[in-house]
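K.L.:
After the sequence you'll find the predicted model.
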Amino acid sequence: MKKLGLIGGTGPESTLIYYKKIVYGANKRVGKEFFPNLTIESLNVFNVLKYCSDRDYDGLTRYLVGGINNLVAAGCEIVSLTGNTPHIVFDALREHSSVPLVSIIETTRDEAKKQGLKKLGLLGTRFTMEEDFFKKPFREVGIDVVIPTGHDFDFVVEKISTELEHGIVKSATQTEFLNIIQRMTVESDIDAVVLGCTELPLLFDGVTLSISCLDTLVIHAEALLHSMELSR
């Protein structure tokens, strides 16, 4: 088994979900008396967002590489980020890392391709939706990615930042997100919606959507369990 290291805190709520999915997922695969040895390096999501808003990607890279190096020093053999937005510098991180990094975007792209999806609606932070780092890997395999526009775009950005990153879930916010997904389905003819922020599952827990959903956190966690090379 390979020891996993997680760059957590981006944000805290999704880090908790990752931890539970990895620990209990490994337990299910290996046996009832097993839990994996893993390490979490908890960083500050608001530092990440500040680097992004300042377009200081060199600074963001240094910040995240510091966390990766701490995980490697703790004996981690594979490392992963627990947020989509930090993947804006993923290529640079991969170059600087002495151990393999498992990308949430690449694993989600592979799942979309496996399902034969051709057009996706992306929900995420401003940087995940506006910048090209998320869309490009999909475009390279013939999958189009569209984002909300106008008020819908601003609403998604605001609620992720002011509510979900703080673990706040409101029914009114959930209702409006469902309306946004419905509008994207009708206006953009999307095949599925991508929860491209790892806090978004908080909002859709127990909700049945009217369209297929790619939960990047769930897909990523499964890929991480596979990468850990668990055995009974």
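P.N.:
On my side now, so go ahead.
K.L.:
So for stretch 203-215, what gets flagged as buried?
P.N.:
Neighbour-count burial for stretch 203-215 flags 203, 204, 213, 214, 215 (criterion: 16 or more other CB atoms under 10 Å). Every residue, glycine included, has its C-beta placed from N, CA and C.
K.L.:
From those residues, which land in strands?
P.N.:
Residues of the buried residues of stretch 203-215 located in strands (DSSP state E): 213, 214, 215.
K.L.:
how close does the residue nearest to the last one when sequence neighbours are not counted get to residue 55?
P.N.:
Closest residue to residue 215 apart from its sequence neighbours, by CB to CB, 6 or more residues apart in numbering: residue 195 at 4.9 Å. According to CB to CB, to the nearest Å, residue 195 and residue 55 sit 25 Å apart.
K.L.:
now residue 45
P.N.:
17 Å.
K.L.:
In terms of neighbours, single out the busier of those two.
P.N.:
Legend: neighbour count by other CB atoms under 10 Å for residue 45 and residue 55, higher for residue 45 (24 against 12).
K.L.:
count of residues packed around the residue nearest to residue 215?
P.N.:
Neighbours around residue 195, by other CB under 10 Å: 25.
K.L.:
who touches it in this structure?
P.N.:
Residue 195 sits next to 123, 201, 204, 213, 214, 215, 216, 217 when contact means CB atoms under 8 Å, 6 or more residues apart in numbering.
K.L.:
what's the pLDDT at the fifth one?
P.N.:
The one in question is residue 214. Residue-level confidence at residue 214 comes out at 97, pLDDT.
K.L.:
The protein: helices as residue ranges?
P.N.:
Here the chain has its helices, by DSSP state H, at 12-30, 45-53, 57-73, 90-96, 104-114, 126-130, 135-139, 150-162, 171-188, 201-204, 216-227.
K.L.:
Which one, of those helices, ends up nearest to residue 2?
P.N.:
Counting by CB to CB, residue 2 lies closest to helix 216-227 out of these; the figure is 6.9 Å.
K.L.:
now the closest one, how far from the centre of its chain.
P.N.:
Offset of helix 216-227 from its chain centre (CA atoms, centre = their mean, to the nearest Å): 10 Å.
K.L.:
Could you check how far the residue nearest to residue 215 is from residue 115?
P.N.:
To residue 115, residue 195 is 15 Å away according to CB to CB.
K.L.:
Can you name every helix or strand that the lowest-mean-pLDDT helix or strand in the chain contacts?
P.N.:
Here the helix or strand of the chain ranked lowest by mean pLDDT, DSSP states H and E is helix 201-204, holding a mean of 91. If you count contacts as 3 or more CB pairs under 8 Å, 6 or more residues apart in numbering; DSSP states H and E, helix 201-204 packs onto helix 12-30, helix 171-188, strand 212-215.
K.L.:
TSV for these, including distance to residue 140?
P.N.:
Output for these, formatted as TSV (distance: least, CB to CB, whole Å):
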stretch	distance to residue 140
helix 12-30	26
helix 171-188	20
strand 212-215	17
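K.L.:
of all these, which lies closest to residue 141?
P.N.:
In terms of CB to CB, the element of the helices and strands packed on helix 201-204 nearest to residue 141 is strand 212-215, at 14.1 Å.
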